[in-house]
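**Q** Structure for this input, please:
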Amino acid sequence: MKRTLSLLALLACGAASAAPLDLGFSVGIPRAGLVPLDLSATAPLFTTGDLTMWARADVTFAAGASLVPAFGATLIAQPAESYGAYRPFVGVGATTISASTGTQIRPTVLLGVQTRLNRPGLEGLGARFDTAMVFMNGGPRFNAALGLTYRLPLGGHQ
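**A** Got it, this is the predicted structure:
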């Protein structure tokens with residue numbers, strides 16, 4: 001568990017030092033009276049041709065519960081910025097899950113689409129739709145979320 005948290009902290013620090021940095025907030029579909037609220041930091045790792053690889057670190061809280069937050073790390077592949085206004089993405093990673101037996105680490109798959117508004121006065125603001133599949137002992141668990149992103153223009157990048 002400590003190794004996983006250390007890895008997540010390292011990913012978050014690495015993401016924070018890269019340029020540009022996308023910060024996100026999303027609200028998931030309520031389940032069993034709980035509403036998932038997610039905070040994320042996403043930074044590009046490299047671009048090759050028309051594909052950009054991103055690292056994303058997440059912290060997810062369950063509004064309406066006193067559960068321990070979930071921490072996630074995801075490697076995301078997405079078409080480069082020149083692809084168009086709506087850019088799909090796919091990612092694989094891991095997240096922590098609070099269970100009656102303690103905290104567990106589970107693999108995840110992420111699919112979604114994002115856009116940036118690129119309007120005067122709204123530079124850097126964007127929206128994204130995520131669908132996530134977390135692999136549990138009883139089979140996969142699905143969730144979807146709608147959120148906003150803001151790109152910090154670090155190092156002169158927008």
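**Q** Show me where the chain has its helices.
**A** 2-17 (DSSP state H).
**Q** shaky segments in it?
**A** 1-19, 82-83, 155-158 (pLDDT under 70).
**Q** So for stretch 100-120, what gets flagged as buried?
**A** For stretch 100-120, a neighbour-count test (16 or more other CB atoms under 10 Å) marks 106, 108-110, 112, 114, 116 as buried. Any C-beta I mention is one placed from the backbone N, CA and C, and that applies to glycine too.
**Q** Looking at those residues, spot the one nearest Pro153.
**A** Closest approach between those and Pro153, by CB to CB: Arg116, at 12.0 Å.
**Q** From Val27, how far out is the residue lying closest to that closest one once chain neighbours are set aside?
**A** Closest residue in space to Arg116, ignoring its immediate chain neighbours: Gly126 at 4.1 Å, by CB to CB, 6 or more residues apart in numbering. Shown here: Gly126 relative to Val27, a distance of 15 Å by CB to CB, to the nearest Å.
**Q** Would you confirm that the residue nearest to Arg116 contacts Thr149?
**A** Yes. Here Gly126 lies in contact with Thr149, judged by CB atoms under 8 Å, at a distance of 4.2 Å.
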